[in-house]
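Student: generate a structure from the sequence data that follows.
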Amino acid sequence: MAQLTHTQYSGGLLAGVVSESPLTKIDSYVAEGALSFGLGVQQGTADLQVELAAAGGKLLGIAVRDHKYANDQATDILDGQGVAVLTKGVITGEITGTVAKNAVAYIEITAGADQGKFTNLPDTAANLLCGKFLQGGVDGDIVLIEIEL
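Tutor: Below is the predicted model:
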């Protein structure tokens, strides 16, 4: 969702923000369909395209928050725009359910409002393994996740 108002302070963590270190790995792709920051993405139709992670796909990484996008867009990343994708490192993301620090992290692939978000449930229609939670939290919280793909 586009940011329509601005304040000096964010008030908390924002989904898709990278905690950079020398071990961070980010690749560039083109969005196939609209995407939101901090969600899991998979291979799209073409080699350099990504789409929202779904059943039967192979997770490529997490869509990274970048300030190059206009604030008046209907969604964070529009179809056809370039998108940075984190494949290794620490990023913030929204969780579904309740998770504990150091629990294994998966990407939710069931179509709906939680698709592409982080969960600790491996068995929901073969959610995609992505790393581990560096913070605990409850449904809707944004926490730090270590991604290792």
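Student: so where's the chain shaky on pLDDT?
Tutor: Low-confidence segments of the chain (pLDDT under 70): 1-13, 19-21, 67-74, 123-125.
Student: switch the cut-off to 90
Tutor: Along the chain, segments meeting pLDDT under 90 span 1-24, 55-58, 65-76, 110-111, 122-126.
Student: how much space separates the nearest residue in space to Gly89 that is not next to it in sequence from Gly61?
Tutor: In this structure, Gly89 finds its nearest non-sequential neighbour in Thr24, 3.5 Å apart by CB to CB, 6 or more residues apart in numbering. Yep, even glycine has a C-beta here, placed from its N, CA and C like the rest. Distance from Thr24 to Gly61, counting by CB to CB, to the nearest Å: 11 Å.
Student: for Glu148, same thing?
Tutor: According to CB to CB, Glu148 and Gly61 sit 11 Å apart.
Student: which one of those two has more residues nearby?
Tutor: Ranked by neighbour count (other CB atoms under 10 Å), Glu148 and Gly61 place Gly61 first, with 26 against 14.
Student: name the element that one belongs to?
Tutor: strand 59-63 (DSSP states H and E).
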